[in-house]
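**Student:** Next one to model:
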Amino acid sequence: MASDTLLFLRRLINNPLQVSAIAPSSVFLARAMAEGITPTTGRVVEFGPGTGKLTDGILATGLPRENLTLIELDPIFARHLKDRLSGVTVIQAGADTAPDHVAPGVARVVSGLPLLSMPRAVRQAIVGAAFKILAPGGVYVQFTYGQNPALDDAQLAALGLKVTKGKKIWANLPPARVLYYSRATEG
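**Tutor:** Below you'll find the predicted structure:
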């Protein structure tokens, strides 16, 4: 795990806007992001896994490795994940291209992406891409360090989505809030 922290710090120094966090996600945030995932959930996709802290929380649920796909833009993080996580599919690409790499019917998309540090149109494209691969009833799980969701009301309406606030994870640096995005027409 020390090597994960060193890798994180090197990538933060080399590309602070892309990493956009001061520390890797905590085990507490990883558990909260993985809540609701079970060994029988089906396919799960993670956007922006970085060193794999949230990935570890997902795998701790008992989800079979072959049901997990990681989409990571940074080539160094992607190589690290491929080396560390046998049996998990790792795709080196942007999250907005997920429909080009993942077949529809995914049960859940878990995102560690720093959406609030991205332009408004990019945020919408990423969340929109998630819903192109999510099955009916599927959920997009995102955390934020901010007070509000990354998409404003107009963007949510344009995508036909709603957001539900989940737990605030105080044992994370900085504290983070879990958000659940779902289709407005579903439950």
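
**Student:** in the protein, which spans are helices?
**Tutor:** 2-14, 16-19, 27-34, 53-59, 75-84, 98-101, 120-133, 153-159 (DSSP state H).

**Student:** What residues does T185 make contact with?
**Tutor:** Counting by C-beta atoms under 8 Å, 6 or more residues apart in numbering, T185 touches G160. Where you see a C-beta, it was placed from the backbone N, CA and C, and this is true even at glycine.

**Student:** meant to ask about F131, not that
**Tutor:** With C-beta under 8 Å, 6+ apart, F131 has these contacts: 138, 140, 159, 161, 181, 183.

**Student:** Just give me the neighbour total for the fourth one.
**Tutor:** Just to be clear, that refers to L161. L161: 21 surrounding residues under other C-beta atoms under 10 Å.

**Student:** circling back: quick one, which of the helices of the chain gets closest to Y145.
**Tutor:** Closest of the helices of the chain to Y145 is helix 27-34, at 10.6 Å (criterion: C-beta to C-beta).

**Student:** For the closest one, give the mean pLDDT please.
**Tutor:** For helix 27-34, mean pLDDT rounds to 96.

**Student:** Report the buried residues of it.
**Tutor:** 29-34 (16 or more other C-beta atoms under 10 Å).

**Student:** Then stretch 109-123?
**Tutor:** In stretch 109-123, residues buried by neighbour count (16+ other C-beta under 10 Å) are 109-115, 117-118, 122-123.

**Student:** just these now: which is nearest F77?
**Tutor:** G112 (10.7 Å).

**Student:** in terms of contact, does the closest one touch V45 like I think?
**Tutor:** No. Look at G112 against V45 with C-beta atoms under 8 Å: they stay out of range, at 11.9 Å.

**Student:** still on that earlier bit, redo the helices of the chain as TSV? Include distance to G146.
**Tutor:** Putting those into TSV (distance: least, C-beta to C-beta, whole Å) gives the following:
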stretch	distance to G146
helix 2-14	19
helix 16-19	16
helix 27-34	15
helix 53-59	18
helix 75-84	23
helix 98-101	23
helix 120-133	12
helix 153-159	15
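
**Student:** For N172, find the nearest of the ones you listed.
**Tutor:** Comparing these under C-beta to C-beta, the one sitting nearest is helix 27-34, at 4.4 Å.

**Student:** Can you name the residues in contact with the closest one?
**Tutor:** Here helix 27-34 has contacts from 25, 53-54, 56-58, 60-61, 110, 112, 141, 143, 166-167, 169, 171-172, 176, 178, using C-beta under 8 Å, 6+ apart.

**Student:** Could you give the number of residues near T51?
**Tutor:** Neighbours of T51 using other C-beta under 10 Å come to 23.

**Student:** now L73
**Tutor:** L73 has 18 nearby residues by other C-beta under 10 Å.
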